[in-house]
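Undergrad: My questions concern the predicted model and sequence given below.
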Amino acid sequence: MNNNFYQFEAKSLNGKPVSMETYKGKAILVVNTASKCGLTPQYGGLEELYKKYKDRGLVILGFPCNQFANQEPGDETSISEGCLINYGVTFPMFAKVDVNGETAHPVFKYLTTELRGLLSKKIKWNFTKFLIDTNGKPYKRFAPVTKPAALEPYIRKVLGIS
């Protein structure tokens, strides 16, 4: 049990610790997000996926990150308001984290080790997506430019929907 996603914990946007165990049995899509990025409109597509599949076992976890061109400069309140007001985000959002380097959040250290990118395990940009199966095992990594709708076949497969 030591080597799966459920061993981790992260702080929610309102500062409360959340165990990843909370999402046990669900398909989990972890995304590093930013409010001032060219890819920020992906929040809309992510929310559509969430609405479509949340009752069938999908959860999306958004982790704001300011490591790429200072595109998430705000505090938790401004991030929360921006997601809600601009994109109607209802999936869980977490406190701002680093996704690369020594200070990377343990969730991202784990995911980048389990699912390497094309050339390295490092996350290259905002909106890198990691799909975790219903047993907590990392399943597939998607590039920042991959639109949320393109993930649907993989989500359906992990959820066992034909």
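TA: Perfect, I can see it now. Not measured: the values here are computed from a predicted model.
Undergrad: so how far is Pro144 from Gly57?
TA: Here the distance between Gly57 and Pro144 works out to 25 Å (Cβ to Cβ, to the nearest Å). All C-beta atoms are positioned from the backbone trio N, CA, C, and that covers glycine.
Undergrad: I'd like to know which elements the helix or strand bottoming out on mean pLDDT in the chain is packed against.
TA: Taking mean pLDDT, DSSP states H and E as the measure, the chain has helix 76-87 as its least confident helix or strand, at a mean of 83. Contact here means 3 or more Cβ pairs under 8 Å, 6 or more residues apart in numbering; DSSP states H and E; on that basis helix 76-87 packs against helix 42-53.
Undergrad: redo that, cut-off 10 Å
TA: Applying 3 or more Cβ pairs under 10 Å, 6 or more residues apart in numbering; DSSP states H and E, one finds that helix 76-87 makes contact with helix 42-53, strand 58-64.
Undergrad: contact partners of it?
TA: Contacts of helix 76-87 from elsewhere in the structure, counted by Cβ atoms under 10 Å, 6 or more residues apart in numbering, are 11-15, 33-36, 40-47, 62, 64, 66, 72-74, 89-91, 93-96.
Undergrad: Which stretches in this structure count as helices?
TA: In the chain, the segments counted as helices under DSSP state H are 42-53, 76-87, 106-114, 152-159.
Undergrad: Nearest to Leu131 among these would be which one?
TA: Nearest of the helices of the chain to Leu131, taken as Cβ to Cβ: helix 152-159 at 5.7 Å.
Undergrad: And that closest one, what's buried?
TA: Buried positions in helix 152-159, judged by neighbour count with 16 or more other Cβ atoms under 10 Å: Glu152, Tyr154, Ile155, Val158.
Undergrad: and it, how far out from the chain's middle?
TA: Shown here is helix 152-159, whose average C-alpha point lies 16 Å from the average C-alpha point of the whole chain (Cα atoms, centre = their mean, to the nearest Å).
Undergrad: Can you check what angle separates it from helix 42-53?
TA: Counting by axes from the mean of the first three to the mean of the last three Cα atoms, to 10 degrees, helix 152-159 lies at 40 degrees to helix 42-53.
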